[in-house]
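J.: What shape does this take:
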Amino acid sequence: MIKGRSERPKADERSGTGMKETREAVLVVLGTTAAVFVVCLVALWIFAGPGREPERREIVIPAGTSDLIASGQNPLDLPSNWSFRSGDVLVLDNRDDVGHYVGAWFSPYDEVTEITVTASATVFCTLHPAGEIYIDVTPRRSDWALAVPPTLMVGPAFGLVLLMALHLLRRLEDPVPEATRESGRSSLMAARK
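T.: Residues are numbered from 1 along each chain as shown. Next up, the predicted model:
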């Protein structure tokens, strides 16, 4: 007696399909994340502009500077917006009789302080009459780590959206739902018996 094959998929066939779908989902999300990383690197390359070696900018703070700043003067002619490239070094040669702050960095009197600039920020500054300055830092083309946070925020989300779109397109290609097919098969099997 020849037995016909059951229309219901076996457990191992169902798990194989699930593994295939999981593998596809992982590949879509990882592929999209990798593509976003490449786009971020290209944007960094364009935004950073031509490369140059880190510069050292030295500011000599003469004696009596704190008194002139307290009276509202700008004896060092410092702009309220300093532009740097990531990795540049700001050297403060403090010859004043008091210490000065630039953000979290303190330059004691009669000492030389070196500050490596890495990020943009508005900081407290005792060298400017306004009491604060904005340090604008342009990244270097080699600062690839800057592409990681936007990649991790955007890449997986785009991947999941793409995965949902693929799933929806597959459903649109096959308008007969799986449950309807299964009920049609079971009624066909019942009619054959």
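J.: In three-state terms, label Leu127 for me.
T.: Here Leu127 takes the coil state, with states given by DSSP: H, G, I helix; E, B strand; the rest coil.
J.: Could you check how far it is from Asp174?
T.: Here the criterion is CB to CB, to the nearest Å. By it, Leu127 lies 70 Å from Asp174. C-beta here means a position set from N, CA and C on the backbone, and glycine is covered the same way.
J.: domains of this protein?
T.: Listed by automatic domain parsing, the domain ranges of the chain are 27-50+141-175, 56-138.
J.: helices and strands around the longest helix along the chain, which ones?
T.: If you go by DSSP state H, the chain has its longest helix at helix 11-48. The elements that helix 11-48 packs onto, with contact taken as 3 or more CB pairs under 8 Å, 6 or more residues apart in numbering; DSSP states H and E, are helix 148-173.
J.: Please name every helix or strand in contact with the helix it packs on.
T.: helix 11-48.
J.: For the helix it packs on, could you pull out the residues that count as buried?
T.: In terms of neighbour count (16 or more other CB atoms under 10 Å), helix 11-48 has its buried residues at Val28, Val29, Thr32, Thr33, Val36, Phe37, Cys40, Leu44, Ala48.
J.: what would those look like in a markdown table with pLDDT and distance to Gly155?
T.: Formatted as a markdown table, the buried residues of helix 11-48 follow (pLDDT from 0 to 100; distance: CB to CB, whole Å):
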| residue | pLDDT | distance to Gly155 |
| --- | --- | --- |
| Val28 | 92 | 11 |
| Val29 | 93 | 8 |
| Thr32 | 94 | 6 |
| Thr33 | 94 | 3 |
| Val36 | 94 | 4 |
| Phe37 | 94 | 7 |
| Cys40 | 91 | 9 |
| Leu44 | 84 | 15 |
| Ala48 | 78 | 21 |
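J.: picking that back up, and the angle from the longest helix of the chain to helix 148-173?
T.: Taking axes from the mean of the first three to the mean of the last three CA atoms, to 10 degrees, one finds that helix 11-48 is oriented at 130 degrees with respect to helix 148-173.
J.: helix or strand right after helix 11-48?
T.: Using DSSP states H and E, the helix or strand that follows helix 11-48 in sequence is strand 56-61.
J.: Buried by neighbour count: which residues of that following strand qualify?
T.: Applying 16+ other CB under 10 Å to strand 56-61 flags Ile61 as buried.
J.: Tell me the strands beside it, with direction?
T.: strand 89-94 (parallel) (DSSP bridges).
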